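Asker: need a structure here:
(chains A and B)
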Amino acid sequence: KNQVEQSPQSLIILEGKNCTLQCNYTVSPFSNLRWYKQDTGRGPVSLTIMTFSENTKSNGRYTATLDADTKQSSLHITASQLSDSASYICVVSAGSSYKLIFGSGTRLLVRP
Amino acid sequence: DAGVIQSPRHEVTEMGQEVTLRCKPISGHNSLFWYRQTMMRGLELLIYFNNNVPIDDSGMPEDRFSAKMPNASFSTLKIQPSEPRDSAVYFCASGELYEQYFGPGTRLTVT
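Answerer: Reported below is the predicted structural model:
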């Protein structure tokens, strides 16, 4: 069964600190992996998208990594800001590009 | 571009009533998706259109749900009759290959 699991479920950090969110997947056939940010009351917004051959991709203070052998991905946030408070969803595309398998998300709270 | 537009943003209705959610995709996108998000089940794909044609509706929960895309700039998701378990946030997304852009969602509450 295609699954995407994320950890931790929730995380609280102080402003300015770094953090890393984890994603493990069992999806076949693998097409690509995306990280989305969802602010409260808004739709998800894509941060990064990586295909099988890509190991890392950055978007400003966000850096995603992908290990296709171990089927793991991480999202590292550097120098966190209050605006980083949101849910971060790991999404894997299985086969056809439109079929997305969503993780349950990590809820991040950045405190001043 | 204004992005994906959804209306209404909030809908409160009584059980048994018909509910229609609306979506205007980003101009030029060939693909349109309807999703439902709940705390228990997360984001679930309901239906996928490509060039206005429904390609995959396997996620539509039951016959009470129907979706149409009469043209490239408009789509509707209808629930008739609505039930309390339909309460959720419904997202429309449009996209190109390998990317989907989500709208702000419609929060539906069925009492």
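Asker: Beta-bridge partners for whichever residue of chain B sits closest to chain A, please?
Answerer: Going by Cβ to the nearest Cβ, chain A is nearest to B:F102 of chain B, at 3.2 Å. Where C-beta positions appear, they are placed from N, C-alpha and C, glycine not excepted. Beta-bridge partners for B:F102, by DSSP bridges, are B:A93.
Asker: Pull up the gap between it and A:L66, please.
Answerer: Distance of B:F102 to A:L66, computed by Cβ to Cβ, to the nearest Å: 22 Å.
Asker: Could you report the neighbour count for residue 21?
Answerer: You didn't pick a chain, so chain A it is. A:L21 has 22 neighbours, counted by other Cβ atoms under 10 Å in any protein chain shown.
Asker: could you do chain B instead?
Answerer: B:L21, neighbours per other Cβ under 10 Å, totals 21.
Asker: same deal with A:P29?
Answerer: Other residues near A:P29 number 10, with proximity taken as other Cβ under 10 Å.
Asker: nearest spatial neighbour of it, skipping sequence neighbours?
Answerer: A:G95 (5.1 Å; Cβ to Cβ, 6 or more residues apart in numbering or on different chains).
Asker: got a list of what the residue of chain B closest to chain A touches?
Answerer: B:F102 makes contact with A:43-45, B:4, B:35, B:91-93, according to Cβ atoms under 8 Å, 6 or more residues apart in numbering or on different chains.
Asker: Tell me where the model's unsure across the chain.
Answerer: Reading this off chain A. A:96-97 (pLDDT under 70).
Asker: To clarify, I was referring to chain B.
Answerer: Looking at chain B by pLDDT under 70, you get B:1, B:97.
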